[in-house]
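Q: Need coordinates for the below:
(one chain, ligands or ions: 2)
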Amino acid sequence: MMRMPAALILAAGRGERMNSDVPKVLHEAAGVPLLEHVISTVREAGIQRIYVVVGRNASKVRSLLTLNGVKTVVQKQQLGTGHAVLQAERALKDHSGDLLVLPADAPCLRAETVREFIRSHRNRRVRASILTALTNHSKGYGRILRRSGQIQGIREELEASPAERDVAEINSGIYLFDTKLLFRKLREVKRNPRKKERYLTDVIEVLVHSGNRVRAHRVRNGQEVLGVNTRSQLSMAHQIIGQRELERHSRNGVTIQNPSQTFVAKGVRIGRDTIIFPFTWIGPGVVIGRNCEIGPFAKLKARVRVGNGVTVGSFVELVRSEIGERTCIKHLSYLGDTKVGRKVNIGAGTITANFDGKRKHRTVIQDGALIGSNTVLVAPVTIGRKAKTGAGAVVVARHPVPSGKTVVGVPARIMTTKKRGSKG
Ligand code: UD1
Ligand code: CA
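A: Ligands and ions are numbered 1, 2, ... in the order given. Just a heads-up that it's a prediction; the model follows:
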């Protein structure tokens with residue numbers, strides 16, 4: 001067994017083309033920050049040793065990294081991709097194998113491709129490989145320069161001649177290098193005279209000139225190496241990853257009635273024979289059981305768990321809630337911070353008032369309860385087993401409804417059934 005490469009993800013760039021106050025790598029595609037996509041791809045490919053180069057003031061980026069358990073390297077000034085890599089020299093001093101270098105703005109890359117790239121790099125016994133793509137949309141990418149088929153270097157668009165611009169093979173910004181050789185040669189790379197930056201791409205020419213062969217591994221689908229520099233590329237990444245997720249669910253036995261009108265965040269779990277109707281939005285971390293009907297026009301946000309056989313119908317919004325088996329929430333409801341039991345029926349227009357202006361509170365609706373249309377449940381509150389609320393009831397906070405009882409009115413009171421004719 002050969003040693004797995006270490007990975008170095010470059011995430012210190014300013015991301016100016018996003019025109020944003022948020023660091024570029026924290027922008028989300030399919031509900032997940034760009035940087036996190038790259039980290040999980042690298043990890044899924046089997047690489048354990050991962051470093052991320054970040055800027056000096058990137059506290060939010062750093063907290064994401066802590067969360068993901070990867071190490072950081074700081075690049076104080078953004079002096080280019082080559083300079084960024086050099087900042088990791090110390091951290092990688094004891095690493096003698098290969099180094100996979102990737103930009104943090106390539107969220108569509110798949111782990112399978114990373115594995116193939118590593119395999120082809122090893123099979124060819126070279127010390128540097130570039131992941132490339134053939135595309136009609138080469139704008140903004142570095143072009144691969146070849147002579148008699150052999151790679152000579154990479155030309156950035158700004159520096160490219162018209163003929164070089166016509167080259168259809170682009171640089172993905174993803175490379176494999178012999179670690180020691182890379183750092184040695186990077187020091188020979190001069191700053192680009194125009195941008196005053198040290199380009200990582202220029203190391204290829206330095207390598208070739210010193211007699212090292214550089215090989216390309218081409219991805220079959222250029223979409224995979226899309227670099228997100230602009231908001232419109234962010235939308236593209238969102239679509240590509242979103243569609244890929246929908247295909248995965250389809251293969252698992254989920255019906256997605258109209259994929260182009262459905263959003264499911266990356267990593268959502270959906271059971272077999274569930275149907276997702278159009279205009280449905282399912283956010284990150286949501287888990288849905290088997291045989292459910294979701295939508296049309298449903299919104300399931302963070303930390304929602306839906307059991308088997310549940311209906312979540314039109315204009316229903318759920319957040320941080322758990323829904324028990326065979327419960328129906330068919331129309332026009334909002335449930336936040338709510339635990340709903342099994343076989344509950346939530347009438348149209350039911351709303352949990354879960355926010356008092358300062359804090360969110362929980363609502364519990366136990367098995368078999370029947371919530372009448374237009375009920376407002378002011379949290380914190382519990383509706384007992386098989387309890388009922390009348391249409392339009394406002395159940396006030398801290399007034400639990402006992403099991404089997406019915407409450408009606410505003411504020412809701414327990415209804416006592418009197419026999420007709422009997423005296424009070
Ligand atoms: C880069 C490549 C280009 C390639 C494209 C693929 C260079 C010079 N160009 O261009 O050939 O086709 O990616 O998408 O490498 N970064 C730092 N520190 C810096 C500068 C950048 O960490 O000082 C990081 C950025 O956060 C980003 C990555 O490096 O994640 C790439 O930088 P970016 O400015 O996006 O490069 P491109 O112009 O896209
Ligand atoms: Ca880029």
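Q: just the strands in the stretch 151-300 of the chain please.
A: Taking DSSP state E, counting those that start in this stretch, the strands of the stretch 151-300 of the chain run over residues 169-178, 214-218, 255-256, 262-264, 269-270, 275-276, 280-282, 287-288, 293-294, 298-300.
Q: Of all the ones you listed, which one is nearest ligand 1?
A: strand 169-178 (3.3 Å; Cβ to the nearest ligand atom). Where C-beta positions appear, they are placed from N, C-alpha and C, glycine not excepted.
Q: pLDDT on that closest one, on average?
A: If you average the pLDDT over strand 169-178, you get 98.
Q: do stretch 267-282 as well
A: 98.
Q: Out of the strands of the stretch 151-300 of the chain, which gets nearest to ligand 2?
A: strand 169-178 (6.4 Å; Cβ to the ion).
Q: And the contacts of the closest one?
A: 5, 81, 98-103, 106, 109, 117-118, 121, 127-135, 138, 141-144, 146, 154, 200-201, 216, 218-219, 222, 225, 227 (Cβ atoms under 8 Å, 6 or more residues apart in numbering).
Q: Now the residue in the stretch 101-250 of the chain that ligand 2 sits nearest to. Nearest residue, chain neighbours left out?
A: Residue of the stretch 101-250 of the chain nearest ligand 2, by Cβ to the ion: residue 227 (3.6 Å). Nearest non-adjacent residue to residue 227, counting by Cβ to Cβ, 6 or more residues apart in numbering: residue 105, 5.3 Å away.
Q: that older thread, any idea how far residue 134 is from the residue of the stretch 101-250 of the chain closest to ligand 2?
A: According to Cβ to Cβ, to the nearest Å, residue 227 stands 16 Å off from residue 134.
Q: what about the two, which has more around it?
A: residue 227 (20 against 14; other Cβ atoms under 10 Å).
Q: isn't that one right next to residue 103, touching?
A: Yes. Look at residue 227 against residue 103 with Cβ atoms under 8 Å: they come within range, at 6.4 Å.
Q: sorry, back to before: contacts only, for the residue of the stretch 101-250 of the chain closest to ligand 2.
A: Counting by Cβ under 8 Å, 6+ apart, residue 227 has contacts 103, 105, 106, 140, 141, 172, 173, 233.
Q: what about the last one, how many residues close to it?
A: For residue 233, the count of nearby residues is 18 (other Cβ under 10 Å).
Q: Relative to residue 338, how far out is residue 18?
A: In terms of Cβ to Cβ, residue 18 sits 36 Å off from residue 338.
Q: wait, residue 307
A: In terms of Cβ to Cβ, residue 307 sits 13 Å off from residue 338.
Q: Which neighbours do those two have in common?
A: With Cβ under 8 Å, 6+ apart, residue 307 and residue 338 have common neighbours residue 322.
Q: Compare these two (neighbour count), which wins?
A: Remark: of residue 307 and residue 338, residue 338 carries more neighbours, 24 against 21, as counted by other Cβ under 10 Å.
Q: List the beta-bridge partners for the residue found closest to residue 126 once you drop the neighbours it is linked to in the chain.
A: In this structure, residue 126 finds its nearest non-sequential neighbour in residue 215, 4.9 Å apart by Cβ to Cβ, 6+ apart. Listed beta-bridge partners, residue 215: residue 129 (assigned using DSSP bridges).
Q: How many residues are close by the residue lying closest to residue 20 once chain neighbours are set aside?
A: Leaving aside its sequence neighbours, residue 20 sits nearest to residue 27 (Cβ to Cβ, 6+ apart; 7.1 Å). Applying other Cβ under 10 Å, we find 20 residues neighbouring residue 27.
Q: cool, and residue 22?
A: Count around residue 22 with other Cβ under 10 Å applied: 12.
Q: Next, it: secondary structure please.
A: Three-state call for residue 22 (DSSP: H, G, I helix; E, B strand; the rest coil): coil.
Q: on that earlier part again, pLDDT at the residue of the stretch 101-250 of the chain closest to ligand 2, what is it?
A: 98.
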